[in-house]
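*Asks:* generate a structure from the sequence data that follows.
(one chain, ligands or ions: 1)
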Amino acid sequence: MIEFSPWPRDLAQRYRQAGYWIDQPLTHILDAQMAAGPEAEALVCGSRRLSYADLDRQSRNLAAYLAEQGLGHGDTALVQLPNVAEFFAVFFALLRIGVVPVNALFSHRRLELAAYAQQIAPRVVIASRAHELFRDDAFAVELRAGGVEHVLLLGEDDPALSLARRLEQPGELPSGAGPTPADQVAFFQLSGGSTGTPKLIPRTHNDYDYSIRASVEICGVTSATRFLCALPAAHNFTLSSPGTLGVFHAGGTVVMAPSPEPLGCFPLIAAERVTMAPLVPPAVALWLRAVEEDPSRRAQLDSLESMLVGGASFAEATARRVPERLGCRLQQVFGMAEGLVNYTRPNEPAEVIFTTQGRPISPDDEVRILDEDGRPVPDGTPGALATRGPYTFRGYYRSPEHNAKAFDSEGFYHSGDVVVRVDGNLRVVGRIKDQINRGGEKIAAEEIENLLLRHPDITHAALVATPDAHLGEKSCAFLVLRDGLEKLSPPALRRHLLELGVAEYKLPDRFRFLPELPLTAVGKIDKRRLRDSLAAATA
Ligand code: OOB
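*Replies:* Reported below is the predicted structural model:
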């Protein structure tokens, strides 16, 4: 079994008694549809249409093959696929035999994949030839040298490596194969992170399944829902809030898109009669602009009933334009891969929907808002968010030191967000974690600072957020160079980082050079002053 920090016995008991944890593996989502209506349309991906029976069959074929290779409980997989139907067949296949996957984002590069592989020591890697790392065999060879036994690739002709072949070649699951127990780890979610290495979040069947079932209720997902999957499929928002898994749970249809770019999505929405779409704020801005530029485009959104917006701060003024200009209902989502998800409820007054990020899924989500000394603040006063509950994890994978900081003695996870509670709803007003939220994509400052410091001419580095009209935030790296040097060229600095294999979205947008970095009274880098200096320079 994969180790993880379990919930204390009394809470686990409470979550079962309350009916949150139902001790079913996540594969029951697919099993239920096989019983209810196997021929219903589960997925649309380009010109392909998959029924639930197709999805089930493919996932069983792959599961049978992997089980035959001796994979099962205690094993892990590293998966990196773009937004394609195969993502789900692979996910269910692995769940079916109790192999625990990390679903890396397609934008992740060598550094991220290597960091995940190092942490989980996967026996199997499933990836795509369309990704630069797998275009030739060098990285696969490297992974094998590191202990990976099986590599399967999307877009591969060689039958020995072809993912398509394993999905299509009929196979029977051996009798002993099955998912991990429902109170054990089903898969790992990715943390947005604030530390040097990307952290993994163990999610159990029980906790994840509850968040999905409850989200389906709250968001009104039904078998008639046609859901646009245009944000990265592996992200917690897209997967479970209510996400593609919520849609499968309800027997609806997921329509895959490669990106949320409006000119690609609008015709797809029109053709497929999409009813629900999750988006990050910068994508909403692009959709609004597309309709404002050419009002005739609005007709393409006719079928769209609701838009879920989350992942980063969403300006109130933009929120108000959503129903007016796009003709659909807005639902705000404030969630985290670690667990807690908040939604504005559809029947709430418009004011709440436009000005807050909603309230938690569960009556048993415990949310504390704390001042600097860890004391609860009164409603209306900003404070640091701490939470525990039936689907909020209890510890990052193999990270005792970080866990000691991220959790308090009562098992509350401190998310690093600054929030205000107003009439029971939360509003996200700031952040204390050292992270940049670049339009929903999270960048851990420390990770990039460490990489910058590997440049021979850099002696000190600090990455901070700067406000950006489109993305909400961009990143700026403040650098101190070794004696005698005044600056380095931004392209050369970006090349340095790319050569280290980091994802492109993490590259600093700007660089500033200083003779020294300002320090706080206790001798830490004074990032507030750095941020203020940028604000002053652009004011
Ligand atoms: C979602 O998950 P992550 O793990 O990528 O990022 C979580 C962090 C939160 O701690 C918060 O800092 C920020 O993203 N965030 C928001 C927000 N939603 C997330 N900040 C302001 N307003 C919002 N609405 O981003 C995620 C997971 C599930 C559902 C939705 C988003």
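
*Asks:* tally of neighbours for the closest residue to the ligand within the chain?
*Replies:* Proximity of the chain to the ligand (C-beta to the nearest ligand atom) peaks at residue 335, 2.5 Å away. For the C-beta atoms, the positions are set from N, CA and C on the backbone; glycine is no exception. For residue 335, the count of nearby residues is 25 (other C-beta atoms under 10 Å).

*Asks:* per-domain residue ranges of the chain.
*Replies:* 27-178, 216-431, 435-538 (automatic domain parsing).

*Asks:* of those domains, which is nearest residue 192?
*Replies:* The closest of the domains of the chain to residue 192 is domain 435-538. By C-beta to C-beta, the value is 2.9 Å.

*Asks:* now that closest one: how far from the chain's centre is it?
*Replies:* How far domain 435-538 lies from its chain's middle: 24 Å, per C-alpha atoms, centre = their mean, to the nearest Å.

*Asks:* send the alpha carbons of stretch 528-539 over as CSV?
*Replies:* Taking C-alpha atoms only, stretch 528-539 is exported to CSV below (Å, rounded to 0.1, in the frame of the first residue of the first chain):
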residue,chain,number,x,y,z
ARG,A,528,6.8,43.1,0.4
ARG,A,529,9.4,45.8,-0.2
LEU,A,530,10.3,44.2,-3.5
ARG,A,531,6.6,44.0,-4.6
ASP,A,532,6.1,47.6,-3.4
SER,A,533,9.1,48.8,-5.4
LEU,A,534,7.5,47.3,-8.6
ALA,A,535,4.2,48.9,-7.8
ALA,A,536,5.9,52.3,-7.3
ALA,A,537,7.9,51.9,-10.6
THR,A,538,4.7,51.2,-12.6
ALA,A,539,2.5,53.7,-10.8
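
*Asks:* which residues touch residue 15?
*Replies:* 7, 21, 206, 210, 364, 390 (C-beta atoms under 8 Å, 6 or more residues apart in numbering).

*Asks:* please report phi then psi for the last one.
*Replies:* As for residue 390, its main-chain torsions (degrees, to the nearest 10) stand at phi -70, psi -10.

*Asks:* so what's it scoring on pLDDT?
*Replies:* pLDDT recorded at residue 390 is 98.

*Asks:* burial of it, as a residue count?
*Replies:* 25.

*Asks:* same deal with the fifth one?
*Replies:* Here the number of neighbours of residue 364 (other C-beta under 10 Å) works out to 16.

*Asks:* what's the helix or strand for it?
*Replies:* For residue 364, there is no host helix or strand (DSSP states H and E).

*Asks:* who are the contact partners of it?
*Replies:* Residue 364 makes contact with 14-15, 18, 20, 389-390, according to C-beta under 8 Å, 6+ apart.

*Asks:* with the second one instead?
*Replies:* Listed by C-beta under 8 Å, 6+ apart, the contact partners of residue 21 are 12, 15, 182-183, 206-207, 209-210, 390.

*Asks:* below-threshold pLDDT in the stretch 151-300 of the chain: ranges please.
*Replies:* Along the stretch 151-300 of the chain, no part satisfies pLDDT under 70.

*Asks:* show me what the helix-or-strand element of the chain with minimal mean pLDDT is packed against.
*Replies:* Lowest by mean pLDDT, DSSP states H and E among the helices and strands of the chain is helix 527-538, with a mean of 89. For helix 527-538, the packing partners by 3 or more C-beta pairs under 8 Å, 6 or more residues apart in numbering; DSSP states H and E come out as strand 458-468, strand 472-481.

*Asks:* so which bits of the last one are buried?
*Replies:* In this case it means strand 472-481. Within strand 472-481, the residues scored as buried using 16 or more other C-beta atoms under 10 Å are 472-479, 481.

*Asks:* what is the most widely separated pair among these?
*Replies:* Checked with C-beta to C-beta, these reach their widest spread between 472 and 481, with 29.7 Å between them.
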